[in-house]
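In: Sequence first, predicted model second:
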Amino acid sequence: MNAIGKDRLLFPGADWDFDTLRRIHDACGEIAIGELGLSLYPTRIEVISAEQMLDAYAANGMPVLYRHWSFGKRFARHEMLYRRGMQGLAYEIVINSSPCLCYVMEENTATMQALVIAHAAYGHNHFFRNNHLFLEWTDAHGILDYLEFARGYIMNCEDKYGEAAVERVLDAAHALSSHGVFRVPRRRIPDLASEERRERERRQHEERIYDDLWRTIPGPKNAPGAKAEEARRRALLQLPQENLLYFLEKTAPRLKPWQREILRIVRHVEQYFYPQRQTKVMNEGCATWVHHRIMTRLHEQGRLSDGQYLEFLHSHTNVVFQPTFDDPRYGGINPYALGYAMMEDIARIATAPDDEDRAWFPDIAGHGDAPAVLREAWANHRDDSFIAQYLSPRLMRRLRLFHLADDQAEEELLVGAIHDERGYLRVRRALARQYDIGRIDPDIQVEDVDLTGDRRLMLRHAVLDRQMLEPEEARQVLQQLADLWGYGVLLREVDATSGAVLREHHASARPGIVE
């Protein structure tokens with residue numbers, strides 16, 4: 001037991017009540033805000049059961065979401081694995097909203113409640129509140145109201161048009177959802193809180209003007225003013241267009257207003273998750289570093305006993321465990337392990353650098369204020385740029401990172417980089433590219449529409465590093481696109497360097513999908 005005595009402990013044993021949660025929250029806040037300088041959204045902590053946690057799993061962690069059969073399928077799978085002891089449940093789920101919602105499991109011990117509050121209510125909360133991607137792409141103040149609106153709107157559509165008709169549109173929209181985001185910043189952040197108020201006005205306006213495109217059929221290409229007319233046509237279509245759901249919502253000739261609104265809902269929800277896909281290592285690394293600092297300081301202050309601290313360390317080390325590449329448990333790089341290791345390494349460089357650190361990181365080596373350096377990194381980077389900027393030679397050696405050049409044209413693998421001056425740069429660059437969403441996601445854009453002929457929609461996939469689409473999956477997704485468009489669709493896979501057409505995919509609209 002700590003020398004300060006039992007009267008200093010936040011809780012005496014494993015049991016807890018809501019007063020205990022409040023004491024834990026306040027004690028963590030003293031360290032997070034007073035010592036680490038974190039800035040936060042207001043926090044709301046809710047205690048949920050295992051059944052409710054499974055519900056949250058099924059709905060992508062969202063507290064409120066519309067109904068869809070895929071969510072039920074996901075719930076059944078997770079429940080089966082959980083009941084059979086083949087899968088555990090998360091200790092918490094945290095929502096990027098204001099207030100920041102933190103769901104904690106009622107089965108957690110008091111020590112685990114302290115851990116998840118430090119991790120989620122302070123670590124993740126600070127990251128959501130300050131990272132530029134979240135500030136640029138998401139509306140934390142409006143997301144909860146928008147989800148309520150979305151659920152109510154889709155339920156009303158089911159009453160008016162039938163569950164089967166709504167399900168067909170949702171199926172198609174979900175199939176295209178990963179291509180339903182803007183990757184380049186728009187002029188303004190979506191004001192989700194006002195979407196419900198504007199929905200009726202937008203629907204009436206689009207009913208009046210959406211067919212203007214189809215009245216502007218271009219004439220012969222050599223006719224006077226043909227180039228200006230072509231430029232106007234492409235401007236109306238906003239070509240080329242990377243956001244397929246946005247393009248369909250605005251220009252698909254046969255969609256009804258309620259179907260367009262459903263596409264809009266799905267793409268807004270997908271856009272909400274877009275920053276999270278780009279910051280997994282940083283977000284979890286930030287939260288893990290914060291919870292370790294808070295729990296360690298609570299133990300140093302005598303608010304956690306030695307036994308409670310050991311319970312915390314057992315869970316913490318499990319979270320940041322990284323199997324080696326030849327371990328049967330290896331499944332890739334653990335984002336918690338990599339993120340936490342980089343945060344610890346940055347803190348070391350800021351406070352106790354060596355000569356190598358000073359050569360590689362002159363701006364932060366010996367800075368003295370590790371939390372300030374980390375707050376700056378958390379605010380201004382995403383995973384790929386963070387790794388490219390801060391992965392140190394010492395950490396590469398400790399993690400035993402090396403680079404394999406895997407060329408399918410060669411019979412053998414080639415070790416492309418080892419631990420030397422040039423190798424460190426290549427390893428860091430290669431690892432950063434694995435987290436670059438611009439390289440992970442296929443670059444598929446709407447290229448043109450055949451207005452003078454059969455209204456066929458033409459798309460282009462810019463192929464990088466010979467990474468072609470899987471033919472059967474491409475066929476199924478393209479079919480959903482054709483069904484929403486209402487006419488035929490052509491997708492060309494084109495080499496991004498030479499422009500050569502590598503493969504073509506075709507789909508024709510099935511009758512009755514959007515009618």
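Out: Yes, it's here.
In: which ones are touching residue 104?
Out: 21, 45, 46, 47, 48, 91, 92, 113, 116, 117, 120 (C-beta atoms under 8 Å, 6 or more residues apart in numbering). Using the backbone N, CA and C atoms, a C-beta is placed for each residue, glycine as well.
In: Which among those residues count as buried?
Out: Buried subset of the contacts of residue 104 (neighbour count, 16 or more other C-beta atoms under 10 Å): 21, 45, 47, 48, 91, 92, 113, 116, 117, 120.
In: Dump those to a markdown table, plus secondary structure and pLDDT.
Out: Formatted as a markdown table, the buried ones among the contacts of residue 104 follow (DSSP: H, G, I helix; E, B strand; the rest coil; pLDDT from 0 to 100):
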| residue | secondary structure | pLDDT |
| --- | --- | --- |
| 21 | helix | 95 |
| 45 | strand | 93 |
| 47 | strand | 91 |
| 48 | strand | 85 |
| 91 | coil | 65 |
| 92 | strand | 73 |
| 113 | helix | 95 |
| 116 | helix | 93 |
| 117 | helix | 96 |
| 120 | helix | 95 |
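In: Would you map the strands across the chain?
Out: Assigned by DSSP state E, the chain shows strands spanning 43-48, 92-95, 100-105, 403-405, 414-417, 443-449, 457-463, 489-495, 501-507.
In: okay if I get these as a markdown table plus distance to residue 277?
Out: Supplementary listing: those in a markdown table, determined by distance: least, C-beta to C-beta, whole Å:
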| stretch | distance to residue 277 |
| --- | --- |
| strand 43-48 | 24 |
| strand 92-95 | 16 |
| strand 100-105 | 19 |
| strand 403-405 | 24 |
| strand 414-417 | 27 |
| strand 443-449 | 15 |
| strand 457-463 | 20 |
| strand 489-495 | 23 |
| strand 501-507 | 25 |
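In: Show me which of the buried ones among the contacts of residue 104 is closest to residue 315.
Out: Of all the buried ones among the contacts of residue 104, residue 315 sits closest to residue 91, with 7.9 Å by C-beta to C-beta.
In: looking at it, residue 274 is touching residue 181, isn't it?
Out: Yes: Residue 274 is within contact range of residue 181, at 4.8 Å (criterion: C-beta atoms under 8 Å).
In: of those two, who's got more company?
Out: Taking other C-beta atoms under 10 Å, residue 274 and residue 181 do not tie; residue 181 has more neighbours (22 against 19).
In: For that one, give its distance to residue 243.
Out: According to C-beta to C-beta, to the nearest Å, residue 181 and residue 243 sit 6 Å apart.
In: go on, residue 170?
Out: Distance from residue 170 to residue 243, by C-beta to C-beta: 18 Å.
In: Over to residue 342?
Out: 32 Å.
In: Equivalent analysis for residue 376, please.
Out: Taken as C-beta to C-beta, the span from residue 376 to residue 243 is 31 Å.
In: And the two? Which one has more around it.
Out: Shown here are residue 376 and residue 243; by other C-beta under 10 Å, residue 243 has more neighbours (23 against 16).
In: where does the closest residue to the more buried one other than its chain neighbours land on pLDDT?
Out: Nearest non-adjacent residue to residue 243, counting by C-beta to C-beta, 6 or more residues apart in numbering: residue 182, 5.3 Å away. The per-residue pLDDT reported for residue 182 equals 90.
In: show me what contacts residue 182?
Out: Applying C-beta under 8 Å, 6+ apart to residue 182 gives the contacts 242, 243, 246, 271.
In: where does the stretch 251-400 of the chain dip in pLDDT?
Out: Counting by pLDDT under 70, the stretch 251-400 of the chain contains no low-confidence range.
In: mind listing the helices for it?
Out: 257-278, 280-300, 306-319, 335-351, 355-360, 370-380, 383-390, 393-399 (DSSP state H, counting those that start in this stretch).
In: how about those in CSV, adding distance to residue 467?
Out: Below are the helices of the stretch 251-400 of the chain laid out as CSV (distance: least, C-beta to C-beta, whole Å):
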stretch, distance to residue 467
helix 257-278, 18
helix 280-300, 21
helix 306-319, 32
helix 335-351, 22
helix 355-360, 32
helix 370-380, 29
helix 383-390, 17
helix 393-399, 26
